[in-house]
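S.K.: no FASTA, just this:
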Ligand SMILES: *Cc1c(COP(=O)(O)O)cnc(C)c1O
C-alpha cells in the first residue's frame, strides 16, 4: 500500500501537509485484492447466475466453518438477517423482545418488523454490552426473545444470558453484525444462541461491495426455514408455504465475500494489534478507553473512546486531519421513531452517557504504524494545547 505524501501548495507558498487520516479506508483493502476480485466478478458475470448460486453456497459453507456453526444462510443485509431470525424464533405481533438502546438502529427495526415491542435494558458501563443483571426483571409471559448486541466487536456476556434464557425458555438471538470472528470463551460470536445475525455492509469487519448479511445456526430445522423464508418461502417453484421474503444474497457479493473471508483472520489480528497499541499509548490520556473482557475475544470493529467534551475533541482532531466517527450519538430509546415506547432522557444512563461522550478513532487493518502514530500525536497535542 502506498501513502500519498508530498507538498500541497498554499496561497502563501508551499508547505508540507500530510494527508488526512480517514476513520476507515476501504480502498486500501480493495487495491490489495484487485486481481482476485476482478477475476471472480468476471466469472460471476459469465456464469449468468446472479442471485444465490454456487458462489453464495461456497461462501455460506466457508463462513459457517469459520465461525463454528452448522449452517449459514446468506441474505441481502444484516437487517434482513435479524428480521428472519426473529420470525424463525417464533416472535410475532404482541410479543416482547429484550434488547439494548446502545446499538445501530437496525437491531430494533427488526423487532418492529415482526410486530413485536422492543423492551430495553441498559448496557454495562465497562463492556458496553447488555447488562445481564437488568434482564430478568423485564421478563414476563410476552417475552419471546433476548437480543443482545456484540457492540463494537466484543461479545455480550453470553454465558449468563443463555442461562437466563434457558431458565425461562426464551431463545437468545445474537446481533453479531459487528463481531465477525469474535469469541465468547471458546465459541464463535453468533454460534452460542438460537441463531446469530451478521452484516456484510462494506464498512463491517467482513464487508461486501454492496449490501449483504447472513444468519448462522446449529439447528437443521431453523436453517431450512430460514432458507425458505429468504427465497419467497417456496417449497417448489411458485408454491409458497407461508409469507416469504426476497432477502436473497446476490452472487457478486457471495463471490467477493468468499475471497475476503480468507483474509479475515489476518485482518482481525491487525485490528487487535492496532487496538493494543492504542490502549498502550493512550493509557495516560484523559479518556475512558475501551476494554476487552477476560473471557472474550474482541475483534475491534470500532475503537471507541469516551470524553466529556466529545464535540470539542472531535473538532480539534478534525482540524489536525484526523477523521473520527460517532457510534452512536442518539440511543434508540430517544429516537423519534421509537417515541411510542414512551421513554425519556434518564431512563438508560449508561447508554446516554456513551451517546454523549463516544468518539470512534481511526482503526482498519491496513492502517500503518505511522498513521496510528499521527492519531496518537494529534490527541496528545489537543490535550496539551487546547484544554479539552
Ligand atoms: C450494521 C448493523 C446492522 C445492520 O446491518 P445492515 O447490513 O446494514 O442491514 C445491525 N446491527 C448492528 C449492530 C449493526 O452494526
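M.R.: Thanks, I have it. Predicted, not measured: the structure shown is a model, and the values here were computed from it.
S.K.: what pLDDT does the model give residue 38?
M.R.: Here the pLDDT value assigned to residue 38 is 97.
S.K.: tell me which element it falls in.
M.R.: helix 26-47 (DSSP states H and E).
S.K.: same question for residue 359.
M.R.: Going by DSSP H and E, residue 359 is in strand 358-361.
S.K.: show me which residues of the helix or strand following that strand are buried.
M.R.: Once strand 358-361 ends, the next helix or strand along the chain (criterion: DSSP H and E) is helix 369-385. Using 16 or more other Cβ atoms under 10 Å as the test for burial, helix 369-385 gives 371, 372, 374, 375, 376, 378, 379, 382, 383. For the C-beta atoms, the positions are set from N, CA and C on the backbone; glycine is no exception.
S.K.: and stretch 176-188, by the same measure?
M.R.: 176, 177, 178, 179, 180, 181, 182, 183, 184, 187, 188.
S.K.: from the chain's centroid, how far away is it?
M.R.: The chain centroid and the centroid of stretch 176-188 are separated by 11 Å under Cα atoms, centre = their mean, to the nearest Å.
S.K.: about what we covered before: ok, then the element right after the helix holding residue 38?
M.R.: Following helix 26-47 toward the C-terminus (DSSP H and E): helix 54-67.
S.K.: pLDDT (mean, whole number) over that next one?
M.R.: Per-residue scores along helix 54-67 average to 98.
S.K.: could you do stretch 178-193 as well?
M.R.: 98.
S.K.: measure that stretch end to end?
M.R.: 16 Å (Cα to Cα, to the nearest Å).
S.K.: likewise for stretch 239-250?
M.R.: OK, stretch 239-250 end separation, Cα to Cα: 22 Å.
S.K.: ok, residue 249 to residue 230 distance?
M.R.: 8 Å (Cβ to Cβ, to the nearest Å).
S.K.: go on, residue 219?
M.R.: 16 Å.
S.K.: one step back: the buried residues of stretch 176-188: which ones sit near the ligand?
M.R.: Counting by Cβ under 6 Å from any ligand atom, 177, 178 from the buried residues of stretch 176-188 sit close to the ligand.
S.K.: just give me the neighbour total for the closest residue to residue 152 other than its chain neighbours.
M.R.: Distances taken as Cβ to Cβ, 6 or more residues apart in numbering put residue 302 closest to residue 152, at 4.4 Å, once the chain neighbours are dropped. Neighbourhood size, residue 302 [other Cβ atoms under 10 Å]: 21.
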